[in-house]
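Participant: For reference, the sequence and a predicted model appear below.
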Number of protein chains: 2
Amino acid sequence: MEVKNNPTMEIVILETAERLFLEKGFGMTSTTEIAKEIGCNQALIHYYFRTKENLFNIIFEKKFRQFFQNIFVVENLDQMTFQDKLKHIIETHFDMVRENPRIPLLIVNEFSRNPEMVATLKEKLQGVVAMLFENLKTDLQVEIEAGRVRPITLIDLIFNIISINISLFLLLPVAGEIMSLDEKQKEIVINRRRDEHVKLILNGIRS
Amino acid sequence: MEVKNNPTMEIVILETAERLFLEKGFGMTSTTEIAKEIGCNQALIHYYFRTKENLFNIIFEKKFRQFFQNIFVVENLDQMTFQDKLKHIIETHFDMVRENPRIPLLIVNEFSRNPEMVATLKEKLQGVVAMLFENLKTDLQVEIEAGRVRPITLIDLIFNIISINISLFLLLPVAGEIMSLDEKQKEIVINRRRDEHVKLILNGIRS
DNA sequence: CATTTAATTAATAGGTCTATTAAATATGGA
DNA sequence: TCCATATTTAATAGACCTATTAATTAAATG
């Protein structure tokens, strides 16, 4: 049994498809275009991945996990104050979204195309989400009871962080165009917003 | 000159196309499907609107304006405090997004498909945006100088409001699925978030 | 009523898309 | 070297899509 298992072309297809799916979405990306981009025969896409749907699902699942699995970094935070923990969480989440600015749009769009895909993936994440919750829940409770933080559910707090970080990178292309920002100016805005998000969330939960 | 000008079919096409474009986006909606949905011949779409692109552009421009033209209600706010003005702005914007929850996604997606469309529309909005700015800018300045609000640019404040409101309705379909929310529970979440957004923004700019 | 114009349909050209199949080429092991 | 297997390509079926054209039906007008 000689296993050739040359992964290069398979990987090239995955990488190219990932880029195009992220740029243009499922519906506006064709296997023909993926092949043309690579410079290979279009049938090769189907040789390795059988269907476009299957290729997309592999990529989508990977991106979905990538986005939710380590959505928050909650390690080495033990000796910090709650404020500093939260600041650290907001900033690392911000940086993660900054590195993957198109994943949220991919997920939102795919959900309206095929809700079952997300339903399928959610089960695999529930453990992670639950763990994340437990980790911060007691901290928040202590702060609220001490009167340092206004009453707020952990889920609302987390939703605030995710919302504000994600929407920056969702809206920036459009907002940048409306405000006539070039790439350099966008970079400045992003850095200013990073600080602003920390201030907004931290101030926003004060009692 | 006998002008028939029977607008019913034209309107039916516009309404059906609008619904489908909002649901599935430009790329995954075909003129064939629009016609099938209506129950008319597919050529009729092209008779009235010539091209799919043209039909989409008409709808997109309308939705774009609808979303940005009256993005904030800033009338009859004269005798209010800054806090109450802001509360009112956040809530009316929230309600507007709630009524048009799919427009942001349409705009974001269309921008990555065809950035020039947004570039074309921005000029027509700049007057509106500028007026909006002037109206709140001095108010904010007064609050900051009085020490009641931390230093923040008006643009960041507005971006905070738009971001938090839009992202709720962008993310709710996915988040609802992950958290297994039915429609009734979603409604409860939406109402709770409406209050939370006001608290977040108002607290978030305290000095 | 006859005629002109508008609205609608049937038919189709021409293109692209996904997926399959068979043939050609490359690769590794005996 | 020769063979078996893996990879790649060429060709194509079959579906669907956009847009156009010509023909048909409906509506309005004199």
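Facilitator: Everything's here; your move. Numbering: from 1, shown residues only, chains lettered A, B, ... in the order given.
Participant: Going by C-alpha atoms from here, please, whenever you check contacts or count neighbours.
Facilitator: Fine.
Participant: Identify the residues contacting the residue positioned nearest the centre of chain A.
Facilitator: Nearest to the geometric centre of chain A sits A:Phe67, at 3.7 Å (Cα atoms, centre = their mean). A:Phe67 makes contact with A:Ile103 under the criterion Cα atoms under 8 Å, 6 or more residues apart in numbering or on different chains.
Participant: distance between the helix or strand harbouring it and the chain's centre?
Facilitator: Here A:Phe67 sits within helix A:52-68, counting by DSSP states H and E. Helix A:52-68 sits 12 Å away from the centroid of its parent chain (Cα atoms, centre = their mean, to the nearest Å).
Participant: do whichever helix or strand comes after it and chain B meet?
Facilitator: Using DSSP H and E, the next helix or strand after helix A:52-68 towards the C-terminus is helix A:82-99. No: against chain B, helix A:82-99 shows no contacts by Cα under 8 Å from any Cα of the partner chain, the least distance being 14.0 Å.
Participant: And the helices in chain A?
Facilitator: A:8-24, A:31-38, A:42-49, A:52-68, A:82-99, A:103-113, A:115-145, A:154-178, A:183-204 (DSSP state H).
Participant: quick one: contacts of stretch A:88-103?
Facilitator: By Cα under 8 Å, 6+ apart, stretch A:88-103 touches A:22-23, A:63-64, A:67, A:71-74, A:161-162, A:165-166, A:169-170, A:194, A:197-198.
Participant: one more time with 7 Å, if that's ok
Facilitator: The set of residues external to stretch A:88-103 that reach it, using Cα atoms under 7 Å, 6 or more residues apart in numbering or on different chains, is A:Leu22, A:Lys63, A:Ile71, A:Phe72, A:Val73, A:Ile161, A:Asn165, A:Ile166, A:Phe169, A:Arg194, A:Val198.
Participant: Let me have these in JSON lines, extended by distance to A:Val129, pLDDT and neighbour count.
Facilitator: What follows is those, written out as JSON lines (distance: Cα to Cα, whole Å; pLDDT from 0 to 100; neighbours: other Cα atoms under 10 Å in any protein chain shown):
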{"residue": "A:Leu22", "distance to A:Val129": "25", "pLDDT": "97", "neighbour count": "22"}
{"residue": "A:Lys63", "distance to A:Val129": "17", "pLDDT": "95", "neighbour count": "20"}
{"residue": "A:Ile71", "distance to A:Val129": "9", "pLDDT": "78", "neighbour count": "19"}
{"residue": "A:Phe72", "distance to A:Val129": "10", "pLDDT": "77", "neighbour count": "20"}
{"residue": "A:Val73", "distance to A:Val129": "12", "pLDDT": "75", "neighbour count": "17"}
{"residue": "A:Ile161", "distance to A:Val129": "15", "pLDDT": "97", "neighbour count": "22"}
{"residue": "A:Asn165", "distance to A:Val129": "18", "pLDDT": "98", "neighbour count": "26"}
{"residue": "A:Ile166", "distance to A:Val129": "18", "pLDDT": "98", "neighbour count": "25"}
{"residue": "A:Phe169", "distance to A:Val129": "23", "pLDDT": "98", "neighbour count": "21"}
{"residue": "A:Arg194", "distance to A:Val129": "24", "pLDDT": "98", "neighbour count": "18"}
{"residue": "A:Val198", "distance to A:Val129": "22", "pLDDT": "98", "neighbour count": "22"}
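Participant: Go through these and name the one nearest chain B.
Facilitator: Nearest to chain B, judged by Cα to the nearest Cα, of the contacts of stretch A:88-103 is A:Ile166 at 7.7 Å.
Participant: Okay, the closest one and DNA strand D: tell me how far apart.
Facilitator: 31 Å (Cα to the nearest atom of the strand, to the nearest Å).
Participant: number of nearby residues for A:Ile38?
Facilitator: 15 (other Cα atoms under 10 Å in any protein chain shown).
Participant: Quick check: which ranges of chain A have low pLDDT?
Facilitator: Confidence mapping of chain A against pLDDT under 70 gives the ranges A:1-6.
Participant: Show me how it divides into domains.
Facilitator: A:8-50, A:62-204 (automatic domain parsing).
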